[in-house]
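Engineer: when you get a sec, could you give me coordinates for this:
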Amino acid sequence: MHVEFNEVMVELVSGNIADQPDCDAIVNAANAELRIGGGVAGAIHGVGDPELEELTRPLAPIKPGEAVITEAPNLPNKFVIHCLGPVYGKDKPEDKLLANCYYNALTLAEENGIESIAFPALSTGAFGYPMKEAAQIAFNTVKKKTAELTNVKYIRFVLFSAADYNLHLSVLKEY
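Structural biologist: The predicted structure is shown next:
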């Protein structure tokens, strides 16, 4: 499924965020210390380490809503953009912090001449953000930000499970 926002293609796929070889950049649902963890961070660092951890170490710690960029060693992509999403119910205001993740990641992509970027569903795993609300925030933020983009032409959302894909699909159909 795909839609177009301001001449930027936005696509949904089911798959593994660490296996998006046709995207210039992938987004890591990072922890504050930018180290290996579970879920998305585990998948990306599992392929990129130990070199990826060496690149992220001097950039840590980051705060909820922030994003940083590194090269993507051992991955088929040029860059990894690391975002720390909010922990639902703890980091306030969580909706603004989550929106900042997508906004800041796209800003870094634009600044670095990235044409294609793949996002996971940020903050929806161990950080507990309700999937539907997180999807609405992600798509609203991306739609607004695409009006400012000239380099980024393609945005992919990579959902690991069929249930997550189907929920995102139902939200995206509202656009």
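
Engineer: my guess is residue 3 meets residue 169, correct?
Structural biologist: No. Between residue 3 and residue 169 there is no contact under Cβ atoms under 8 Å: 10.8 Å. C-beta here means a position set from N, CA and C on the backbone, and glycine is covered the same way.

Engineer: the residue lying closest to residue 14 once chain neighbours are set aside: what secondary structure?
Structural biologist: Spatially, and ignoring its direct neighbours in sequence, residue 14 is nearest to residue 165 (4.4 Å; Cβ to Cβ, 6 or more residues apart in numbering). Secondary structure, DSSP: H, G, I helix; E, B strand; the rest coil: residue 165 is helix.

Engineer: helix or strand with the lowest mean pLDDT in the chain?
Structural biologist: helix 39-48 (a mean of 92; mean pLDDT, DSSP states H and E).

Engineer: and the helix or strand following that one, what does it pack against?
Structural biologist: As assigned by DSSP states H and E, the chain's next helix or strand after helix 39-48 is helix 51-56. Counting contacts by 3 or more Cβ pairs under 8 Å, 6 or more residues apart in numbering; DSSP states H and E, helix 51-56 is packed against helix 39-48, strand 67-71.

Engineer: contacts only, for the nearest residue to residue 91 once chain neighbours are set aside.
Structural biologist: The spatially closest residue to residue 91, leaving aside those adjacent along the chain, is residue 64, at 4.4 Å (Cβ to Cβ, 6+ apart). Listed by Cβ atoms under 8 Å, 6 or more residues apart in numbering, the contact partners of residue 64 are 84-87, 91, 97, 100.

Engineer: ok, now with 7 Å
Structural biologist: 84-86, 91, 97 (Cβ atoms under 7 Å, 6 or more residues apart in numbering).

Engineer: nice, that's everything, thank you.
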